[in-house]
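Engineer: Sequence and predicted structure, then a few things I'm wondering about:
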Amino acid sequence: MTKKEKRDLRINQEKEYLLDPEYVAAKKKKRKKKLAFTIVIELIAVAALIVSAFQIVRAVGKKSLTSKAEEAAPDLNLVRASETLTEEEETKWQEGWVKYNGSIYAYNEDIRTFLFMGIDKKSDVKEVEEGTKGGQADALFLAVMNPHDKTLKIVGINRNTMADVDIYNDSGAYVTTQKAQITVQHGFGNGVEESCEYQKKAVSRLFYGLPIHGYAAINMSAIPTINDAVGGVDVTVLDDLTKYDSSLKKDAKVHLMGEAAFWYVKARDVNVFGSADMRLARQKQYLNAYVQAARSAAKKDITVALDLYQAVVPQMVTDISADEVAYLAPILVDYSFDENSFYMMQGETVMGDEFEEFYPDEDALYEMILNIFYEPVEQ
């Protein structure tokens, strides 16, 4: 439009206004409504694109997790031989089934099991030289999703559990396997994926070859970020931790935020016998409360899980992808979880030559595996 045309248009608009101001006002109002309607349509279109993209990401994540699930069941025959079968049971018997106390069980192949490791480091993740500098796994938990009954269960593993640990030399070559505290397994390797794979193998072996579909090793320094992302966690303080944070008085009701959450989950006095057991009890209490807080936050905003994932990336090593998180997060919101959903390994802590040693009760471990990962076979 030329300058003359613009000038003529403005003159005509002024004449129009002088001759019929009500018409001009109505025209402007109509134009504003049209603009507002256009903006709403555009926002709806953008929202639809976001939802579509999220669903595509979820579909990719579902496919990825399914591909990881093609693994064998635990071999519980390593613990005890199967009970005597009846003639009818022998004709129907399938590989992998287990008979215990007169009942037959089969591994639930639809279960998804994830290993979470809290690594004793206060910095961002970085690769280290081969040896024993990968950092110990001070916290070990299995998160178990069962789609059959829509439950989430968590299994706490004592860091001092005496298990088969693979030993590697400074060149990264395998040397031998010996009984040691399972926490030290992560220390071998390069401190990133290699160390995680070693730890995953050790935990799987402890549970008689249990399939583990993903892992996340998170440096302890990420606890404040993880905690604050869901708005903090309420606990009744189990131990006097005022030497670390003045608010952490025994029996005090505290809303954990920032560094207070870090100390509550991380702190222990190595000079006190059983301090690892005491800390694991706090971690159990904290995780129970955290899961509830996270579920509540996710119900309000499902993107919380992805935001948290991105926030802790610098302090985390994981083989769980962002699209897998996007797939899992909405599902977990509808899964049931309460204080009875948290399992602790039963056993005894004794003082070894240098450090505490936890010896699992094999019968209790066997029954826990059956209870969580197996289902009765209908006769």
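Structural biologist: Perfect, thanks for sending it. As the structure is a computational prediction, the values presented were derived from the model and not from experiment.
Engineer: Going by C-alpha atoms from here, please, whenever you check contacts or count neighbours.
Structural biologist: Will do.
Engineer: The residue nearest the centre of the chain and Lys253: what is the separation?
Structural biologist: Taking Cα atoms, centre = their mean, the centroid of the chain lies closest to Phe116, which sits 6.1 Å from it. Distance, Phe116 to Lys253, by Cα to Cα, to the nearest Å: 27 Å.
Engineer: now Lys92
Structural biologist: Distance from Lys92 to Lys253, counting by Cα to Cα: 55 Å.
Engineer: And these two? Which one has more around it.
Structural biologist: Legend: neighbour count by other Cα atoms under 10 Å for Lys92 and Lys253, higher for Lys253 (14 against 8).
Engineer: and the gap between that one and Asp234?
Structural biologist: Distance from Lys253 to Asp234, by Cα to Cα: 7 Å.
Engineer: what touches both of those two?
Structural biologist: When contacts are counted by Cα atoms under 8 Å, 6 or more residues apart in numbering, Lys253 and Asp234 have no shared neighbour.
Engineer: need the helix or strand of this structure with the lowest average pLDDT.
Structural biologist: Lowest on mean pLDDT, DSSP states H and E among the helices and strands of the chain sits helix 21-68, with a mean of 50.
Engineer: List the buried residues for stretch 348-358?
Structural biologist: Neighbour-count burial for stretch 348-358, counted by 16 or more other Cα atoms under 10 Å, picks out 349, 356-358.
Engineer: Out of those residues, which sit inside helices?
Structural biologist: Of the positions in the buried residues of stretch 348-358, not one sits in helices, assigned by DSSP state H.
Engineer: close enough to count as contact, Gly156 and Asp138?
Structural biologist: No. Here Gly156 does not reach Asp138: they are 11.5 Å apart, not a contact under Cα atoms under 8 Å.
Engineer: quick revisit: quick check: beta-bridge partners of the residue nearest to the centre of the chain?
Structural biologist: Legend: beta-bridge partners of Phe116 under DSSP bridges are Phe141, Ala216.
Engineer: Against Ala216, how distant is it?
Structural biologist: Counting by Cα to Cα - Phe116 and Ala216 are separated by 5 Å.
Engineer: helices or strands next to the helix or strand hosting Arg295 in the packing?
Structural biologist: Using DSSP states H and E, Arg295 sits within helix 275-300. Judged by 3 or more Cα pairs under 8 Å, 6 or more residues apart in numbering; DSSP states H and E, helix 275-300 is in contact with strand 233-236, helix 259-266, helix 304-312, helix 322-333.
Engineer: Lowest average pLDDT across those?
Structural biologist: Ranked by mean pLDDT, the helices and strands packed on helix 275-300 bottom out at helix 322-333, with a mean of 83.
Engineer: any idea how far that helix is from the chain center?
Structural biologist: Computed by Cα atoms, centre = their mean, to the nearest Å, the separation of helix 322-333 from the middle of its chain amounts to 10 Å.
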